[in-house]
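S.K.: Next comes the sequence, and after it the predicted model I'd like to discuss.
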Amino acid sequence: MKKVLLLFAMPMAIVSLAYAQERQVTGTVKGSDGNPVLLATIQIKGTTTGTTTDKQGHFSINVKDGNAVLVIRSVGYLTREIAVGNQSELSVALPIDTKALQEVVVTALGLKQEKKSIGYAAQDVKGDELTRTAPSNPLSALSGKVAGATIITASGTPGAAVRVQLRGATTILGSNQPLFVIDGLPVDNSETNTMSDGSGTAGVLQSNRMVDINPEDVENITILKGPAAAALYGSQASNGAVIITTKKGKRNPDGKSFNVSYSLTGNFDKVSQLPERQNVYAQGRGGNLGYPENGVAHSYGPRIDQLVFDNSEPYLWDKNGKLVLKSANPNGKPAIAYDPYQFFRTGVGLQHNLAISGGNNALGYRLSVSHFNQNGIIPLTNFKKNTISFSTDYKYNDKFSVNTAMNYINSGGSRPQQGSNLSGIMLGLLRTTPTFDNSNGATDPKDPSAYLLGDNSGDQRSYRGRGIYDNPYWTVNMNPYNDNVQRFFGTVGATYKPFEWLSITERFGGDYSLDNRKQIYSKGSGGNPAGQYFEDQLSTLAINNDLFATFTKKSGKFDYSLLVGQNLYDLSSKYLHTQGDNMSGNDFQGVTNTGSNSLTISNSRQRRVAFYGKANVAFDNNLFLELTGRYEGNSTLPRQNQFFFYPAASLGWVFSEGLNIKNNIFSYGKARIAYSSVGRGLNPYSLQTYYTRTAPGDGWTNGVLFPFNGLVGFSKSGTLGNPNLTAEKTKQFEVGTELRFFDNRVTIDYTYYKGKSIGLLNAVSIAPSSGYGQAYLNAASMTNQGHELTVGVSPIRNKDLEWNITVNYSQNRNKVLELAEGIDRFDFNGFTGIFVSAIVGKQYGSLYGAGYLKDEQGRTVISDEGAPGDPGYGYPIPIAELQYLGDVNPKWSGSVANNFNYKGIVFSFLIETRQGMDMWNGTWGAMTNFGTSANTLDRGTEKVFPGVKGHLDGNGKLVSKGEANNISAKLNEGYYTGIGSGFNVNEPFIQDASWVRLREVSLGYRFDGKMFFKKKPLFKAVTVTAIGRNLWLNTKYTGVDPETSLFGTQEAQGFDYFNNPGTKTYGFSARFEF
């Protein structure tokens, strides 16, 4: 019996001994910021025993002996190993891993997700990267930082609009910009033009509303590049999405916290590039001297060195006197060529930003206020912006929390005229003859002697007499354009988590803006001699509501999550336009000072309602499947076609973990694949035929707008509505990989995508007998395919020096497959005989205009008909039929960023390039016609034009032997104002607009406050930085900065017709931490 008891007792004793050696260890894991770390993994080293932390960061684990070592890991933090020893309670602080933080991205609906778990392309830009060179618009700071994103700033004027495009064009008539989302609220970034702004080819360039965002308030921007990434947003995000997350106050579980920061930024703008002018020949025609009082427009007069000033009597148009030939006044003061570019000034900008943040264990808050004031390079132009941002994060208990993000903006200023506009700044400057001083010697741009004749008539002083082309000083003083925007937007969200596996979120957002605009054309202006007065008021209100629930479950190696939700979006706008014509004088300028006035009111409204879902399945934390679907109804579509289902799917596999192939060389590997099918709604009222106010124009002035002289005028729209339209649809496939080598010192992110857009809305010409010129049809289709590559290298990383290099490369090829039956070209903007077009078989954005005759091999035909001296002999043969001239899309884009951090000294620069795109330099073409461009200095010489000799016979058939041309032809006024003029032939002025630029450069250092105040520092630290943007530009293009755009953010790009120039910026910033 004793033996039996002993037999049972021995194992029990062994077990008891084991339990005596095993004990419980508890602890808390917090980040270095003091916040608890949720779901941190605690594992006993060398075993499979482990646990995770709860919401408060608490954990409990049994260890066998004092030699145990705990390995503690969490996404976004560095891994730590803690020796237990004889401790029974641990307090662990995990340092934040700045590199790992980049691996958490903000996806659709503002949800954070590990980057390793997504199966589509997304790229993050952190807030400190955006503010490194202190831009006023956060979108312009994205330039060169995202592969596949084309960022275009319309001009260098303060508050200029910024255009963003991802992966090419997917629509003909709609916008090709992505969706913009701020803290879960979709916002409209379109550039809204009104009647006071002028047409697309003339007037002022407006801001788009992303300019309202203070870059200092941005935490990070995530670019969801394709529709698969943004499918939950449905039709709004068929071009991808730009997700902006603003800075928030954070709760502090250890007690109260309070932080204050202040930044001051100053910048100085200079013109980056201007067309080269000739300064040898004077005003006139045929070598004869012309005068302002004669209204002579051209500069084909005598040489300036053959002229002198005759100041024997006062001359209204020049304080120095009237120009005459030396032979008429041998002792006169030699004439000079005036420099019209002295008109430009150094633009000075100043920005103040104050931020206060803090919180306790239940509440986090942040308040930010900023003031920005920028004076432009064009005198008397400016842009001002005041912002207030306030956010809260309140945790009522473990189950319920509320967050808010509110923003108020007041922005606006004075904007300059541009384009095909008799009041355009650049038109007036660049057509001005070298012998006319627009300033008349005045140094103050407000000095009336520059733009008013000295005969007390109040008439304009212009190189063409008393107007016609407005003197730029007249324009900035007498034709001002001002706008003022009041905007309020924000979100309120609440999350309820009744169970660990269920959370319910309600998020309501609104965006209201009131935009007041005023344009004055004083009496005596070139385009509006009788004077005109415009006032516009544009108000918009967008309401967005999301209600969604998220379910999560873990089963063995599988993790599941399901999100289901509902969205409502409502957008309404109201537009009031007041116009007054025939001013009685310029002493008082208002609608009551006009002979006739009128009021226009228009309203617009659209609504979308949707139900959506997203299912995620993860296996062993390395294989990730995501399925999304959205069932959406759009009020802009006919009832029978209002609802559509938009699906997307993605799969990502971290094969380095799945196959366990990580080693000293290969650190990480992931493959991903995604597919999506998303739609796009229509512009409001495309289904109907409506009436519009009659406004006949002539392309130069603002035209005649009815009611006119008491007559009411409305006309039926030239476009026939179509009640059977359907949503456009884009299907896209993408595949990519993410690779890291040498302990993450080398990273590669590559994506290939291919998509097709079908059923695209197009305005198709129909029989005039119908009473309409065109009708809307779902008739067009196009494809896009391309490559995106981001490479990161860290050659040096030690305690003193860190050097990081980032290379971005992208390429997109678009092809228009069809437009409509019998139609192979659609012009969506243009003038003077040249258009930006969609052409079947070409890329969307082709230049189509007047050119020269070509043979079958595409060589230019040079006329060999006749003999030397005969008209046309030796010159290219112009033809009436328009032809394909070029492509505004770059063949590829790229950038290289370098960041150095040496013992707190931070130096960085970004070089960006776009290659292979064409641009119509209509400015150069017009200057050639008027004789002010530098190329007209060749007048009087001869040239052998490249091409083959030939001519057309009596039947219009080409006769050519293909022989290379060897005929010399004279370059003279007749050529430059004839077939060599931009007003007659567009082809010579299609130029390669490729460029390389130093986009950003900065040098800064963070000083500890004790360096200045040893006993009682006034501040913790200050970071002082010298900054520069666009300091160097290398391009063969002969116009202004080729990044500018006549049409602003509209779809028509690649046009330069007296665009306002771009700028290069020098500056500084000082950031104080208190």
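M.R.: Nice, I can see it.
S.K.: quick one: low-confidence parts of the stretch 151-300 of the chain?
M.R.: The model of the stretch 151-300 of the chain has pLDDT under 70 over residues 195-200, 254.
S.K.: Kindly spell out which helices and strands sit in contact with the one helix or strand Phe372 maps to.
M.R.: Assigning secondary structure by DSSP states H and E places Phe372 in strand 363-375. Strand 363-375 is packed against strand 347-359, strand 382-395, with contacts defined by 3 or more Cβ pairs under 8 Å, 6 or more residues apart in numbering; DSSP states H and E. Any C-beta I mention is one placed from the backbone N, CA and C, and that applies to glycine too.
S.K.: Quick check: neighbours of the longest one in the sheet, parallel or antiparallel?
M.R.: Paired with strand 382-395 in the same sheet, following DSSP bridges, are strand 363-375 (antiparallel), strand 400-414 (antiparallel).
S.K.: Out of those strands, the one nearest Pro215 is which?
M.R.: strand 363-375 (9.3 Å; Cβ to Cβ).
S.K.: Who's the closest spatial neighbour of Gly931, skipping the chain neighbours?
M.R.: Ser299 (3.8 Å; Cβ to Cβ, 6 or more residues apart in numbering).
S.K.: ok so, going back, what angle do the strand holding Phe372 and strand 347-359 make?
M.R.: Angle, strand 363-375 to strand 347-359, by axes from the mean of the first three to the mean of the last three Cα atoms, to 10 degrees: 170 degrees.
S.K.: chain center to strand 363-375: distance?
M.R.: Centre-to-centre, strand 363-375 and its host chain are 22 Å apart (Cα atoms, centre = their mean, to the nearest Å).
S.K.: Would you indicate which residues of that strand are buried?
M.R.: 363-366, 368-370, 372-375 (16 or more other Cβ atoms under 10 Å).
S.K.: Farthest pair within those?
M.R.: Maximum distance among the buried residues of strand 363-375 (Cβ to Cβ): 40.9 Å, for Leu363 and Asn375.
S.K.: picking that back up, pull the strand holding Phe372 out as PDB, backbone CA atoms only.
M.R.: What follows is strand 363-375, C-alpha atoms only, in PDB (Å, rounded to 0.1, in the frame of the first residue of the first chain):
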ATOM      1  CA  LEU A 363     -10.100  64.400 -22.900                       C
ATOM      2  CA  GLY A 364      -7.700  65.500 -25.600                       C
ATOM      3  CA  TYR A 365      -7.900  68.800 -27.400                       C
ATOM      4  CA  ARG A 366      -6.100  71.000 -29.900                       C
ATOM      5  CA  LEU A 367      -6.600  74.600 -30.900                       C
ATOM      6  CA  SER A 368      -4.800  76.200 -33.800                       C
ATOM      7  CA  VAL A 369      -5.000  79.700 -35.300                       C
ATOM      8  CA  SER A 370      -3.000  81.100 -38.200                       C
ATOM      9  CA  HIS A 371      -2.700  84.200 -40.300                       C
ATOM     10  CA  PHE A 372      -1.100  84.200 -43.800                       C
ATOM     11  CA  ASN A 373      -0.500  87.300 -45.900                       C
ATOM     12  CA  GLN A 374       1.100  87.100 -49.300                       C
ATOM     13  CA  ASN A 375       1.800  90.000 -51.700                       C
END
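S.K.: Now it: average pLDDT?
M.R.: Averaging pLDDT along strand 363-375 yields 95.
S.K.: start the count at 22, not 1, going forward
M.R.: Sure thing, new numbering starts at 22, so read that last one as strand 384-396.
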